[in-house]
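Enquirer: I'll drop the sequence and a predicted model, then ask my questions.
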Amino acid sequence: MSDRAHIVALIVAAGKGERAGGDIPKQYRVFRGRTVLAHAIDALAAHPAIDDIRVVIGDGQDQAYRQAIGPRDLPPPIIGGASRQDSVRNGLEAIAASGGADIVLIHDAARPFTPEPVIDRLVDALGGDIGAIPALPVIDSLARIDGASVDRSEFVTIQTPQAFRFETILAAHRNWAGDRPATDDAAIARAAGHSVALVEGDPVLKKITFAEDFAMPSDLSAPSTATVRTGLGYDVHAFAEGDHVWLCGVEIPHDRALAGHSDADVGLHALTDAILGALGEGDIGDHFPPGDPQWKGAPSHRFLAHARDLTAKRNAAIHHVDVTLICEAPRIGPHRAAMRARIAEILAIPEKSVSVKATTTEKLGFTGRGEGIAAQAVATLGDRGG
């Protein structure tokens with residue numbers, strides 16, 4: 001899907017949650033320091049692709065909802081209906097009335113933790129399908145009630161959030177002709193003749209259903225936020241003949257260029273090394289040897305993208321990066337906003353998570369003499385979903 005797609009998460013929190021026990025619905029109960037609903041909201045709000053979050057609540061749950069979300073700044077809640085399907089329909093209609101969306105993620109409030117990679121897989125799958133849903137293979141043996149064995153390889157367990165093209169799932173809900181409520185939104189999409197892709201789910205998406213689920217072991221709940229990794233990067237390139245330099249992914253006119261085997265983007269090189277360092281993956285030369293002809297003149301954004309992809313494979317997330325450019329010229333100030341935007345684009349993180357600064361050495365050293373440019377960078381990584 002396009003990076004410009006407007007994505008809204010619709011959290012359905014209108015149920016009574018009676019099977020979980022307690023005096024209040026399970027979505028409003030405190031679990032690991034926050035209400036279940038607050039966990040669900042925060043997990044989705046942390047993903048940079050999600051633009052807005054709407055919550056559907058039951059009639060008369062306004063006070064419980066306000067207490068559950070605390071200071072979180074969200075649009076007014078939407079009142080649900082008699083069934084989950086009615087509640088989702090009300091939510092979709094409210095989104096349509098407030099301007100619509102390109103993609104909607106429909107999620108159960110009783111699933112407090114949503115790993116970022118699951119959202120990534122769902123959105124990516126919408127390039128070829130109307131909808132996408134997370135699923136896990138059935139692990140336990142299956143049998144019918146008469147004792148006959150069933151081939152579990154033919155079955156999966158379905159989770160939320162479920163992702164759909166907004167206008168299509170809205171129309172499918174409006175045109176639903178079933179004689180009983182659908183089990184989930186994928187069933188409604190399929191009944192309308194649309195294809196729905198299955199993507200890999202995650203055990204962390206476990207739904208809180210019964211009272212004992214509030215004591216679920218930590219390996220089935222939120223990934224730990226205790227692991228924080230910090231990496232440092234430093235790079236230097238000398239000036240050579242030319243008429244421009246590449247700095248932090250931005251081409252800047254200058255009376256000289258920077259010498260290097262690639263495009264010599266000293267900022268992106270330092271940042272790539274910082275991320276690799278946080279991962280314990282060596283340095284940029286290990287991954288892109290300067291003697292390898294395939295990297296001659298290569299754009300440095302490829303190196304940074306490689307570090308980003310390694311981060312995702314390690315189930316880590318880039319929380320913040322900070323680059324300092326050290327030079328007498330060119331002036332960095334006029335280009336700093338573009339640099340931050342470009343780094344955020346390459347790393348697929350919010351621009352607010354990117355810092356670019358510049359300084360001089362007061363005419364001291366090789367940068368002070370105008371012989372080249374240096375850069376240092378810091379990258380802070382943590383576990384995904386934390």
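Expert: Arrived safely, thanks for sending. Remember, predicted model here, so these are calculated numbers, not experimental data.

Enquirer: quickly note the distance from L247 to G368.
Expert: Distance from L247 to G368, counting by CB to CB, to the nearest Å: 18 Å. Every residue, glycine included, has its C-beta placed from N, CA and C.

Enquirer: report the contact partners of I41.
Expert: I11, I53, V55, I69, R72, L74 (CB atoms under 8 Å, 6 or more residues apart in numbering).

Enquirer: now render these as a markdown table, adding secondary structure.
Expert: Converted to a markdown table, the contacts of I41 look like this (DSSP: H, G, I helix; E, B strand; the rest coil):
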| residue | secondary structure |
| --- | --- |
| I11 | strand |
| I53 | strand |
| V55 | strand |
| I69 | helix |
| R72 | coil |
| L74 | coil |
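
Enquirer: out of these, the closest to N90 would be?
Expert: N90 has its nearest neighbour among the contacts of I41 in V55, at 11.5 Å by CB to CB.

Enquirer: in the sheet, who's paired with that closest one?
Expert: Using DSSP bridges, the bridge partners assigned to V55 are I11.

Enquirer: where's the residue of the chain most remote from its centre, which helix or strand?
Expert: Distance from the C-alpha centroid of the chain peaks at D146, with 44.4 Å (CA atoms, centre = their mean). Following DSSP states H and E, one finds D146 outside all helices and strands.

Enquirer: any idea how far it lies from V138?
Expert: Applying CB to CB to D146 and V138 gives a distance of 19 Å.

Enquirer: then A49?
Expert: A49 is 30 Å from V138, where distance means CB to CB.

Enquirer: for those two, indicate the residue with more neighbours.
Expert: Higher neighbour count among A49 and V138: A49, with 19 against 15, using other CB atoms under 10 Å.

Enquirer: burial of the residue lying closest to that one once chain neighbours are set aside, as a residue count?
Expert: Once flanking residues are discounted, A49 sits nearest to I7: 5.5 Å by CB to CB, 6 or more residues apart in numbering. Using other CB under 10 Å, I7 has 22 neighbouring residues.

Enquirer: what does L247 give?
Expert: 30.

Enquirer: spit out the contact partners of it.
Expert: D265, V266, G267, L325, I332, H335, M339, I373 are the contacts of L247 under CB under 8 Å, 6+ apart.

Enquirer: among those, find me the one that's closest to V30.
Expert: Taking CB to CB as the measure, V30 sits nearest to M339 out of the contacts of L247, at 42.8 Å.

Enquirer: pretty sure that closest one sits in a strand.
Expert: No: if the criterion is three-state DSSP, then M339 is helix and not within a strand.

Enquirer: what residue is smack in the middle of the chain?
Expert: Closest-to-mean residue, the chain, CA atoms, centre = their mean: H47 / 3.5 Å.

Enquirer: which ones are touching that one?
Expert: Residues in contact with H47 (CB under 8 Å, 6+ apart) are T114, E116, I119.

Enquirer: switch to 10 Å and redo it
Expert: 7, 9, 105, 114-116, 118-120, 123, 317, 350, 385 (CB atoms under 10 Å, 6 or more residues apart in numbering).

Enquirer: just the residues you listed now: which is nearest L279?
Expert: Of the contacts of H47, the one sitting nearest to L279 (CB to CB) turns out to be A317, at 11.7 Å.

Enquirer: phi and psi next, for H107.
Expert: phi -130, psi 150 (degrees, to the nearest 10).

Enquirer: got a pLDDT number for the residue nearest to it when sequence neighbours are not counted?
Expert: Leaving aside its sequence neighbours, H107 sits nearest to P161 (CB to CB, 6+ apart; 3.8 Å). If you check P161, the pLDDT there is 97.

Enquirer: make sure P161 is actually in contact with L10.
Expert: Yes: using CB atoms under 10 Å, P161 makes contact with L10 at a distance of 8.6 Å.

Enquirer: what touches both of the two?
Expert: Shared contacts of P161 and L10, defined by CB under 10 Å, 6+ apart, comprise L44, V104, L105, I106, H107, D185.

Enquirer: work out for me the element A172 sits within.
Expert: Using DSSP H and E, A172 falls in helix 166-174.

Enquirer: and G267, how far from G81?
Expert: In terms of CB to CB, G267 sits 53 Å off from G81.

Enquirer: which residues does Q61 contact?
Expert: Q61 makes contacts with A13, A14, G15, K16, I24, P25, Q27, Y28, A68, P77, I79, G80, as judged by CB under 10 Å, 6+ apart.

Enquirer: quick one: it and G81, what's the gap?
Expert: 13 Å.

Enquirer: check R72 too.
Expert: Distance from R72 to G81, by CB to CB: 24 Å.

Enquirer: the stretch 51-200 of the chain: helices as residue ranges?
Expert: 62-69, 84-97, 116-125, 166-174, 185-191 (DSSP state H, counting those that start in this stretch).

Enquirer: nearest to T359, out of these?
Expert: That would be helix 116-125 among these, by CB to CB, at 33.7 Å.

Enquirer: and the closest one, what does it pack against?
Expert: Packing partners of helix 116-125 (3 or more CB pairs under 10 Å, 6 or more residues apart in numbering; DSSP states H and E): strand 7-13, helix 36-45, strand 103-108, strand 131-137, strand 162-165, strand 196-200, helix 301-313.
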